[in-house]
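J.: sequence first, predicted coordinates after that:
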4 protein chains.
Amino acid sequence: MDKETTRIEAFSDGVFAIAITLLVLELKIPHESDVGEVALSTLLLRQWPAYVSFVISFAFIGIMWINHHRLFNHIKRADNTLMILNLLLLMGVTAVPFPTAILSQHLGHYDDRLAAMVFNGTYVAIAIAFNLLWRYAAQEGRLLGKDWDAAAIRNISKQYAFGPLLYLAAFGLAWISVAASLALSFALGIFFALPPHVAARRHGKREAG
Amino acid sequence: MDKETTRIEAFSDGVFAIAITLLVLELKIPHESDVGEVALSTLLLRQWPAYVSFVISFAFIGIMWINHHRLFNHIKRADNTLMILNLLLLMGVTAVPFPTAILSQHLGHYDDRLAAMVFNGTYVAIAIAFNLLWRYAAQEGRLLGKDWDAAAIRNISKQYAFGPLLYLAAFGLAWISVAASLALSFALGIFFALPPHVAARRHGKREAG
Amino acid sequence: MDKETTRIEAFSDGVFAIAITLLVLELKIPHESDVGEVALSTLLLRQWPAYVSFVISFAFIGIMWINHHRLFNHIKRADNTLMILNLLLLMGVTAVPFPTAILSQHLGHYDDRLAAMVFNGTYVAIAIAFNLLWRYAAQEGRLLGKDWDAAAIRNISKQYAFGPLLYLAAFGLAWISVAASLALSFALGIFFALPPHVAARRHGKREAG
Amino acid sequence: MDKETTRIEAFSDGVFAIAITLLVLELKIPHESDVGEVALSTLLLRQWPAYVSFVISFAFIGIMWINHHRLFNHIKRADNTLMILNLLLLMGVTAVPFPTAILSQHLGHYDDRLAAMVFNGTYVAIAIAFNLLWRYAAQEGRLLGKDWDAAAIRNISKQYAFGPLLYLAAFGLAWISVAASLALSFALGIFFALPPHVAARRHGKREAG
């Protein structure tokens, strides 16, 4: 049965790799004819929201890939439900460049509240999909390897439990302050880049503190 | 010889992964300059046919990937004919975003009958390609593993036998009612997302009923 | 050392898969606003050169993938030169949609001779790259598996030896007749889709006849 | 733990494959309607900067793939830091088509100094990322295989040590001469296409000479 997750991983790697590489298509190349009127440096600098969007999307998709990779270090068997939940998650991943571009285009303009909500709303959906996938696979060790490590599983479950609620908080926070809303979702990005045991420990300390 | 199907699967996974990820390119990002005149929310909502198209294409390509994956759980050897039939099937898969976009653009307009026929016609072709590939590989166990499971093979063959005719029915139904035609093809999508043994059982029940 | 060709194959599969999937981007979706003036059916039919281009490019890239796959059934080790020759070949593969689109746009117009020469010129280059890669790997069994099959190797070498000269003939033929030039290159496409032992046999018969 | 680098390699191969294949999208196909006014040959020739950009980007991304492949012939284990450093490197790789297109568009125009600096600046960043990844993995054999070959490791480290400084020199050289700056960065490209032991030997000879 191990073969099955191999192919799910290969397909998912493909989707992540393409989603992360397509981002560069959003960077427009200033053409000669435009340069007649405006200096190349001006044209390049004017595009700064596109660069910000490129770096943020790249970092977030990269972090999601790391997380997907971590989960499938534990998930060893596949069934029909897992394949469908994985597709649901990948749909969120491929959509990421869209809300990120909207955000970077509208940041600082009067419409930026809506842009921040679209951005954080996407991550609420992705966080839910990650939890569904993981909980389905890990519950009573349903699709894990025979020798599953209970502590490692618990650390992941713990780290993931925060995702949907905290992204929802970031979503709601946009009504009060767009800056605070984005600060929270970037902090969450870094939190999910950390290995689960470190994340669990840090959280534990904070709880103890 | 097992190595051969590994590479066919890797290539096919690549094609499926790219086809499913390219879909996001159809979502257009409203630019600042447009927003001067119209609210961002209006611009985002006006695009709804593109979102519908994105979700439908994603679901259908995902379901086709699941089916491809299922077939190659049984197909263990490859020859020249299999490679060519697989390419034929992949040609159908990569083409999917095109009829889906036509459908979502024209739904509700006077031209929607033609759009629905192009959409369902594509799936007639894909269903035929799936059957050709599967029948060629499974006939007398030609390219199956040594220990092939006769019942599982029969379940797949049974489920697939309905595909071309039912999609053809959906194609013809568009002359009478576009809504009925699309309802049938979406029901077929769900039918092919089910594992073959479940699909066979459900069909059995209905036959018995 | 086997691992090395695994990764070359994975990278090449990725390139083939993307090149073959990007083809659909050339099919333009008629938009609602255009349809106000012209019927959807007219807009879809007017695009026929794009469909022809899609099918031809798909078939040719697919056939090249089958050939690449065949060669790496024999090539078992890798070195720096092989990697560079493989990149050269892949550069030709990724470029294919460009000359094909030029051909399908200009077929039947006064400029079609040049278009046919660009099209066949690309295949001259690709055929040379295939020969360089194969001859480098197969010469005295340099990068083949230990138990290499001398007859199979000879069949491939024989089939490939015709490529560059015959595509060059197709290239030159465009001066006399564009139709004859394209007929020759399509016949060559089918010839390279055949397994080498069949191709060798057929050629043998023709020689004997 | 070996499984972990397998998936990092698969994901990276995907990113390299897509980045190298997307390059062809920059080649614009002259359409029929344009040809009414200007000959196809003129339109094709006028595009020469796009062809130059295609070949250079393809060669550079290909050489970076060869280097990535070489490093992961030695790196056998993975951890969180390696995954993040690898993502950093891939961000540089996916960005390559952008500075290359700027360069090829502006070469020979009054703005070409800035274009050359953007181009070489990208390679300074990529060279730094390659060094970070390699030094992190190789330091005291942290993530290497058990039987790591000290001489091979040293050869790679030696070759890589030159990267950032020499690309920085190419970057600075653009102030004096754009041609000299590009000549240096192309020479560096060839230097990194050479196997590390050859590069080390050549450098050794030059030092001895």
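T.: Everything's here; your move.
J.: need the contact list for the residue in chain A that chain B sits nearest to.
T.: Residue nearest to chain B within chain A: A:Gly14 (2.9 Å; Cβ to the nearest Cβ). Every C-beta, even on glycine, is put in place using the N, C-alpha and C of the backbone. Neighbour list for A:Gly14: B:13-14, B:16-18, B:21, C:14, C:17, D:14 [criterion: Cβ atoms under 8 Å, 6 or more residues apart in numbering or on different chains].
J.: phi, psi of it?
T.: Main-chain dihedrals, A:Gly14, degrees, to the nearest 10: phi -60, psi -50.
J.: look up the closest residue to it, ignoring the ones flanking it.
T.: Among residues not flanking A:Gly14 along the chain, B:Ala17 sits closest, at 2.9 Å (Cβ to Cβ, 6 or more residues apart in numbering or on different chains).
J.: A:Ile8 is in contact with that neighbour, correct?
T.: No. Between B:Ala17 and A:Ile8 there is no contact under Cβ atoms under 8 Å: 11.3 Å.
J.: which strands and helices sit next to the host helix or strand of A:Phe192?
T.: Assigned by DSSP states H and E, A:Phe192 falls within helix A:178-193. Counting contacts by 3 or more Cβ pairs under 8 Å, 6 or more residues apart in numbering or on different chains; DSSP states H and E, helix A:178-193 is packed against helix A:48-74, helix A:112-138, helix A:150-173.
J.: of these, which is nearest chain D?
T.: Each of the helices and strands packed on helix A:178-193 has some distance to chain D by Cβ to the nearest Cβ; the shortest is helix A:48-74, at 4.1 Å.
J.: give me the buried positions along that closest one.
T.: Neighbour counts over helix A:48-74 (16 or more other Cβ atoms under 10 Å in any protein chain shown) mark A:49-51, A:53-54, A:56-74 as buried.
J.: what's the next secondary structure element after that helix?
T.: Immediately after helix A:48-74, counting by DSSP H and E, sits helix A:80-95.
J.: mind listing what's buried in that next one?
T.: Buried residues in helix A:80-95 (16+ other Cβ under 10 Å): A:82-95.
J.: tell me the residues of chain A that contact chain D?
T.: Remark: the part of chain A in contact with chain D comprises A:9-10, A:13-14, A:16-18, A:20-25, A:27, A:29-32, A:35, A:39-41, A:44, A:54-55, A:58-59, A:62, A:65-66, A:69, A:72-73, A:193-195, using Cβ under 8 Å from any Cβ of the partner chain.
J.: can you tell me how far A:Met91 sits from B:Leu23?
T.: Per Cβ to Cβ, to the nearest Å, A:Met91 is found 9 Å from B:Leu23.
J.: ok, now A:Leu82?
T.: Counting by Cβ to Cβ - A:Leu82 and B:Leu23 are separated by 22 Å.
J.: likewise A:Asn131?
T.: According to Cβ to Cβ, A:Asn131 and B:Leu23 sit 24 Å apart.
J.: can you give the contact residues for stretch A:167-185?
T.: Against stretch A:167-185 from outside (Cβ under 8 Å, 6+ apart): A:103, A:107, A:112-113, A:116-117, A:119-121, A:123-124, A:127, A:166, A:188.
J.: how about the CA coordinates for it, as PDB?
T.: Output of stretch A:167-185 as PDB, limited to C-alpha atoms (Å, rounded to 0.1, in the frame of the first residue of the first chain):
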ATOM      1  CA  TYR A 167      -6.400  32.800  10.900                       C
ATOM      2  CA  LEU A 168     -10.100  33.500  11.600                       C
ATOM      3  CA  ALA A 169      -8.900  36.000  14.300                       C
ATOM      4  CA  ALA A 170      -6.600  37.600  11.600                       C
ATOM      5  CA  PHE A 171      -9.600  37.700   9.300                       C
ATOM      6  CA  GLY A 172     -11.800  39.500  11.800                       C
ATOM      7  CA  LEU A 173      -8.900  41.800  12.900                       C
ATOM      8  CA  ALA A 174      -9.000  43.400   9.500                       C
ATOM      9  CA  TRP A 175     -12.200  45.200  10.500                       C
ATOM     10  CA  ILE A 176     -10.200  47.000  13.200                       C
ATOM     11  CA  SER A 177      -6.700  47.300  11.700                       C
ATOM     12  CA  VAL A 178      -5.400  45.900   8.400                       C
ATOM     13  CA  ALA A 179      -1.800  46.200   9.700                       C
ATOM     14  CA  ALA A 180      -2.500  44.100  12.800                       C
ATOM     15  CA  SER A 181      -4.400  41.600  10.700                       C
ATOM     16  CA  LEU A 182      -1.400  41.100   8.400                       C
ATOM     17  CA  ALA A 183       1.100  41.100  11.200                       C
ATOM     18  CA  LEU A 184      -0.800  38.200  12.800                       C
ATOM     19  CA  SER A 185      -1.000  36.100   9.600                       C
END
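J.: for the spatially closest residue to A:Trp148 that is not a sequence neighbour, report the pLDDT, please.
T.: Closest residue to A:Trp148 apart from its sequence neighbours, by Cβ to Cβ, 6+ apart: A:Gly141 at 5.2 Å. Here the pLDDT value assigned to A:Gly141 is 78.
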